[in-house]
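S.K.: Sequence below, structure please.
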Amino acid sequence: MKTISVLIPCYNEEENVEPISRAVIETLTRDLPEYDYELVFIDNDSSDQTRPILRRLCASNPKIKAIFNARNFGQFNSPYYGMLQVSGDCVIEMVADFQDPVELIPQYVHAWEEGYKIVIGIKTSSRENRLMYALRSLYYKMVKKLSDVEQIEHFTGSGLYDRDFIEILRGLDDPTPFLRGIVAELGYRRKEIPYEQPRRRAGKTHNNFYRLYDAAMLSITSYTKAGLRFATFLGAVSCVCSVAIALVYLVMKLIWWDRFPAGTAPMLIGMLFLGSVQIFFIGMVGEYVLSINQRVMHRPLVIEEERLNFDTKKDGTTDEV
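M.R.: Residues are numbered from 1 along each chain as shown. Have a look, this model is predicted:
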């Protein structure tokens, strides 16, 4: 009997972890009875009651497992690390707040049965803030045009990944993984399943401006050269324009020496313009350097504080110590 692993990353989801566990288990046992399953939560150092609830769930069902991170390791490292810890023949990743519909699980598995090693969900619309959805659409289109690698629009990471692809991820040994880009660049032939993203069931989103900016810059610095190329081109254009303007002023001053006061305005405007351009692109180059630095330091994806039920066998028994 094949085993399906369902991975649910969570952070301060005390109102959602128990309902999502019930919904996932009910869907698996009702719609996919021919498969065994394990439900794995990876908690990114929650400060609410998420961990006590997960302890209770693990105690009540040996097929529910949990990994507790020693601290918050970010929105990308934690789920990526969790995918490497599961034992099933495939892993389905989904969020705890029900914004990845549980009804997608049977669709993912049926497509997997057809031979697809990667089956992903694609948001076609969202019941969340329309402005944020529109801004995300613009971002995806921009990155897709700038990237050397085909990027997948409105793909959040939710989907099914075959064990063969998990082994590819394990071999990458990437300290700053960006799953959405990896699936597009290194993934097998995939099937995309459209869905409408519902509202959060409870709680509030943790995707503030800083987290969204971090995600955007990670994708840009990992899969595009546009920032550095744009800096080079704009610097060259600014240099040519500055030299041309300087020559024009010089000629005009030589011709109308007594009647043409050059003044300090052109100098100040030019200095302020070039200074602002330099500061902006120093920041852009800094983002690339930061990305390189994180990879060179090669720190672990996650440091675990504790894991529950990982010594449990498929039949529900445990190994004796």
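S.K.: how close does the most far-flung residue of the chain relative to its centre get to Cys10?
M.R.: Centroid-distance maximum for the chain: Asp258 at 63.3 Å, with C-alpha atoms, centre = their mean. Separation of Asp258 from Cys10 (C-beta to C-beta, to the nearest Å): 77 Å. In this view, the C-beta of every residue, glycine as well, is placed from N, C-alpha and C.
S.K.: what about the strands in the stretch 101-250 of the chain?
M.R.: 118-126, 159-162, 190-197 (DSSP state E, counting those that start in this stretch).
S.K.: okay, the first one in PDB with CA atoms only?
M.R.: These are the backbone C-alpha positions of strand 118-126, laid out as PDB (Å, rounded to 0.1, in the frame of the first residue of the first chain):
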ATOM      1  CA  ILE A 118       4.500  17.100  -9.800                       C
ATOM      2  CA  VAL A 119       0.900  18.300  -9.500                       C
ATOM      3  CA  ILE A 120       0.500  21.900  -8.500                       C
ATOM      4  CA  GLY A 121      -2.400  24.200  -7.700                       C
ATOM      5  CA  ILE A 122      -2.700  27.500  -9.600                       C
ATOM      6  CA  LYS A 123      -4.800  30.400  -8.200                       C
ATOM      7  CA  THR A 124      -7.100  31.700 -10.900                       C
ATOM      8  CA  SER A 125      -8.800  34.100  -8.500                       C
ATOM      9  CA  SER A 126      -8.900  34.900  -4.800                       C
END
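S.K.: Just the buried positions in it, please.
M.R.: Buried residues in strand 118-126, counted by 16 or more other C-beta atoms under 10 Å: Ile118, Val119, Ile120, Gly121, Lys123, Ser126.
S.K.: Return the item of the residues you listed having minimum pLDDT.
M.R.: Least confident of the buried residues of strand 118-126 in the model: Ser126, at 69.
S.K.: Give me the pLDDT value at the residue farthest from the centre of the chain.
M.R.: pLDDT at Asp258 comes out at 71.
S.K.: Begin at 35 from now on, thanks
M.R.: Noted, 35 is the first residue going forward, which turns the last one into Asp292.
S.K.: low-scoring stretches of the stretch 235-355 of the chain, by residue?
M.R.: 235-263, 265-266, 293-303, 306, 317, 321, 324-325, 327-332, 346-355 (pLDDT under 70).
S.K.: residue ranges with poor pLDDT in the stretch 85-234 of the chain?
M.R.: Using pLDDT under 70, the stretch 85-234 of the chain drops low at 160-171, 173-183, 234.
S.K.: can you tell me how far Asn50 sits from Phe110?
M.R.: Taken as C-beta to C-beta, the span from Asn50 to Phe110 is 20 Å.
S.K.: So those two - more neighbours on which side?
M.R.: Asn50 (22 against 19; other C-beta atoms under 10 Å).
S.K.: what's the nearest residue to the more buried one if we skip its chain neighbours?
M.R.: The shortest distance from Asn50 to any non-neighbouring residue, by C-beta to C-beta, 6 or more residues apart in numbering, is to Ala130 (4.6 Å).
S.K.: repeat for Tyr69
M.R.: Ile38 (5.0 Å).
S.K.: Report the secondary structure state of that neighbour.
M.R.: Ile38 carries the three-state label strand when classified by DSSP: H, G, I helix; E, B strand; the rest coil.
S.K.: Just list the residues touching it, thanks.
M.R.: With contact set as C-beta atoms under 8 Å, 6 or more residues apart in numbering, Ile38 has these partners: Leu62, Leu66, Tyr69, Asp70, Tyr71, Glu72, Gly122, Asp123, Cys124, Val125, Ile126, Val143.
S.K.: and it, what are its bridge partners?
M.R.: Taking DSSP bridges, one obtains Tyr71, Cys124 as the residues bridged to Ile38.
S.K.: is it true that the residue nearest to Asn50 touches Glu49?
M.R.: No: counting by C-beta atoms under 8 Å, Ala130 does not reach Glu49; the two are 9.4 Å apart.
S.K.: So which of those two has more stuff around it?
M.R.: More neighbours surround Ala130 than the other of Ala130 and Glu49, with 27 against 17 (other C-beta under 10 Å).
S.K.: Just confirm Met128 contacts Val40, I think it does.
M.R.: Yes: counting by C-beta under 8 Å, Val40 is a contact partner of Met128 at 7.0 Å.
S.K.: Overlap of the contact sets of those two?
M.R.: Val58, Ile139.
S.K.: burial measure for Met318, as a count.
M.R.: 18.
S.K.: nope, Val285 is what I meant
M.R.: 11.
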